[in-house]
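K.L.:
pasting the sequence and the predicted model now:
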Amino acid sequence: MKVRLQAATGCLSPETEKNGEIDGYLHGETSQGDTGGYRCLSDSDQVRALTHAPIIYFYPPVNVSLESATEILRHSLSEALVIFYPLAGRLHWIGGGRLVLECNALGALLIAVESDATIDDFGDFVPTQEIRALIPSVDYDKPIHELPLLLVQVTKFSCAGISLGLGTSHIMTDGLSASQFISEWAKIARGEQPNSSPFLDRSILLAPEHLSAPVFDHPEYSPQPLLIGKQDHMEERKRESATLTLKLSKDQVEKLKDKANKDRSASNNKRPYTRYEAVAGHIWRSACKASQHERQQPTTLSIIADARNRMEPPLPPRYFGNATFREDVTQFRNFHTVGCAKGAFYGNPNLEITSWARLPIYGADFGWGEEIYMGPGAIGYDGKVFVFPGQGLDGSFLVALRLQVRHIDAFQKFFNEDICSQEPLSINPSL
């Protein structure tokens, strides 16, 4: 698959968004054989946000020029898009609020930028606007068939470090599928042979024509609880919010797990809570306490669940597409951002947690060594949380989240103090 490039240069400062002039963009234009035409999207794909998931990688100073790094990415991406050819296509509306994928080989967007910043300028890599500026953005007011499904930006810093910012279409990939693609792309860049091909037939997750009625209640699809005394979420949507990243050491994670399982054992037919479940419960309880909710306040913790091995039969290995559940099915799927008055709202008094705890997120070596950091490039709204393993897979967890500014200090206090308290951790918060 061919990729045609135009040179691009620019200046990027961590204090502002892309304030330098970019002379050009690096576009991937692909040519393919019998992989063209229109392809259906699964029902799980259809309900995703219409935006891109921002991901950021940082690499230490290396003796690789921007031109060399760009050529490595261009060449390897052209090969990777032969294997993952749906990412080189475009989406189209087909009526009824549904989308179809056209495999037309229009390619991915690739941008190269030189920056006068250093990696140290980004501190602990909290997903702020400065981090977001290292990832390409697109105009979602444009027709959807004009938007690339994969966005890539490589930035070379004055300290000789590199960042790689990616935006992958929510419609096309969930976390595991995106990780699968990035891993294979990196292997190609290193000159290695990719693994077996991904499973690309999304029709296996199409709903049957005649659906059977649900056999039990599904509260996860009910409207999110409101604050007591409120008629809507509008006041909470307008509150100022900010992002933060916290680290839990391996010992702290184990303490939380032990507390959560103190009165839980196989003898009463209850499986132990996992490390991730204990951490999620701790985050939930800390947020509820920081928000000073009334004791009678309903609150939900929404967790994105991977269904690949939960289905009967399980999905084929290396299924490439969305196989997670708990998403917004409204018409406002591109409004999951700060300050928007439309779209689903998962903030105060609620939380939504995405776990990358079991995803192969590290090891994206494109020929200049492994990353020193990988994480979300942005967190779109109050109440959104990411939990992912610490660098080095040492048993630690990183927790990146966005909360209302008025609650952040109290949240950090409870988050840290409650780890050492002797009070058992209840997965259902009790204030």
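P.N.:
Nice, I can see it. In this text, all values refer to a predicted model and were calculated from it rather than measured experimentally. Numbering: from 1, shown residues only.
K.L.:
ok, which stretches of the stretch 251-400 of the chain are helices?
P.N.:
Counting by DSSP state H, counting those that start in this stretch, one finds helices in the stretch 251-400 of the chain at the ranges 275-290.
K.L.:
quick one, strands of the stretch 301-431 of the chain?
P.N.:
In the stretch 301-431 of the chain, the strands defined using DSSP state E, counting those that start in this stretch lie at 301-303, 305-306, 324-325, 351-355, 373-376, 384-389, 397-404.
K.L.:
so what strands line up beside the third one?
P.N.:
Spelled out, that is strand 324-325. Here strand 324-325 is paired, per DSSP bridges, with strand 305-306 (antiparallel).
K.L.:
repeat for the first one
P.N.:
If you go by DSSP bridges, strand 301-303 pairs up with strand 351-355 (parallel).
K.L.:
who touches residue 320 in this structure?
P.N.:
Counting by CB atoms under 8 Å, 6 or more residues apart in numbering, residue 320 touches 84, 86, 173, 177, 180, 181, 198, 199, 200. Using the backbone N, CA and C atoms, a C-beta is placed for each residue, glycine as well.
K.L.:
list just the nearest of those residues to residue 348.
P.N.:
Residue 348 lies nearest to residue 173 out of the contacts of residue 320, by CB to CB, at 29.2 Å.
K.L.:
tell me, how many residues neighbour that closest one?
P.N.:
26 (other CB atoms under 10 Å).
K.L.:
quick check: it touching residue 323?
P.N.:
No: look at residue 173 against residue 323 with CB atoms under 8 Å: they stay out of range, at 10.2 Å.
K.L.:
how is the protein divided into domains?
P.N.:
The domain map for the chain lists 26-205, 226-420, with the assignment taken from automatic domain parsing.
K.L.:
mean pLDDT lowest where, among those?
P.N.:
With a mean of 89, domain 226-420 has the lowest mean pLDDT of the domains of the chain.
K.L.:
please narrow the contacts of residue 320 to those residing in helices.
P.N.:
Of the positions in the contacts of residue 320, 177, 180, 181 sit in helices, assigned by DSSP state H.
K.L.:
which residues touch residue 294?
P.N.:
residue 228 are the contacts of residue 294 under CB under 8 Å, 6+ apart.
K.L.:
re the thing from before, of the ones in helices among the contacts of residue 320, which is the nearest to residue 105?
P.N.:
residue 181 (16.5 Å).
K.L.:
how much space separates the closest one from residue 251?
P.N.:
Taking CB to CB, to the nearest Å as the measure, residue 181 and residue 251 are separated by 34 Å.
K.L.:
more neighbours: these two, which one.
P.N.:
Comparing residue 181 with residue 251 by other CB under 10 Å, the one with more neighbours is residue 181, at 22 against 11.
K.L.:
the more buried one: what's it in contact with?
P.N.:
When contacts are counted by CB under 8 Å, 6+ apart, residue 181 touches 80, 84, 87, 168, 173, 198, 320.
K.L.:
select from these every entry located in strands.
P.N.:
Judged by DSSP state E, strands contain the following of the contacts of residue 181: residue 168.
K.L.:
in TSV: the contacts of residue 181, plus distance to residue 46.
P.N.:
TSV is the format used below for the contacts of residue 181 (distance: CB to CB, whole Å):
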residue	distance to residue 46
80	25
84	20
87	18
168	17
173	14
198	20
320	16
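K.L.:
of the contacts of residue 181, closest to residue 219?
P.N.:
Among the contacts of residue 181, and counting by CB to CB, the member closest to residue 219 is residue 173, at 27.3 Å.
K.L.:
OK, contacts around the closest one?
P.N.:
Counted by CB under 8 Å, 6+ apart, residue 173 has contacts 53, 87, 181, 320, 321, 322.
K.L.:
measure the closest residue in space to residue 49 that isn't next to it in sequence to residue 150 for me?
P.N.:
With sequence-adjacent residues excluded and distances taken as CB to CB, 6 or more residues apart in numbering, residue 49 is closest to residue 170, at 4.4 Å. Using CB to CB, residue 170 is found at 12 Å from residue 150.
K.L.:
residues in contact with residue 349?
P.N.:
Taking CB under 8 Å, 6+ apart, one finds 225, 226, 227, 288, 291, 293, 297, 298, 299 in contact with residue 349.
K.L.:
mind checking how far the fourth one is from residue 387?
P.N.:
Right, residue 288. Between residue 288 and residue 387 the computed distance is 17 Å (CB to CB).
K.L.:
can you check the last one too?
P.N.:
Note on residue 299: its distance to residue 387, by CB to CB, is 18 Å.
K.L.:
and the strands in the stretch 151-300 of the chain, which stretches?
P.N.:
Under the criterion DSSP E, counting those that start in this stretch, the stretch 151-300 of the chain contains strands at 162-169, 241-248.
K.L.:
okay, now the sheet partners of the first one, with direction.
P.N.:
In this case it means strand 162-169. Strand 162-169 pairs in its sheet with strand 52-59 (antiparallel), strand 150-156 (antiparallel), by DSSP bridges.
K.L.:
for those, which one sits closest to residue 210?
P.N.:
Closest to residue 210 of the strands paired with strand 162-169, according to CB to CB: strand 52-59, at 33.5 Å.
K.L.:
now do the closest one: everything it contacts.
P.N.:
Taking CB under 8 Å, 6+ apart as the rule, strand 52-59 contacts 119, 122, 125, 127, 131-132, 134-135, 138, 151, 161-170, 173, 175, 178, 364, 368-378.
K.L.:
likewise for stretch 38-46?
P.N.:
So stretch 38-46 is contacted by 86, 89, 92, 97-103, 171-172, 202-207, 307, 321-325 (CB under 8 Å, 6+ apart).
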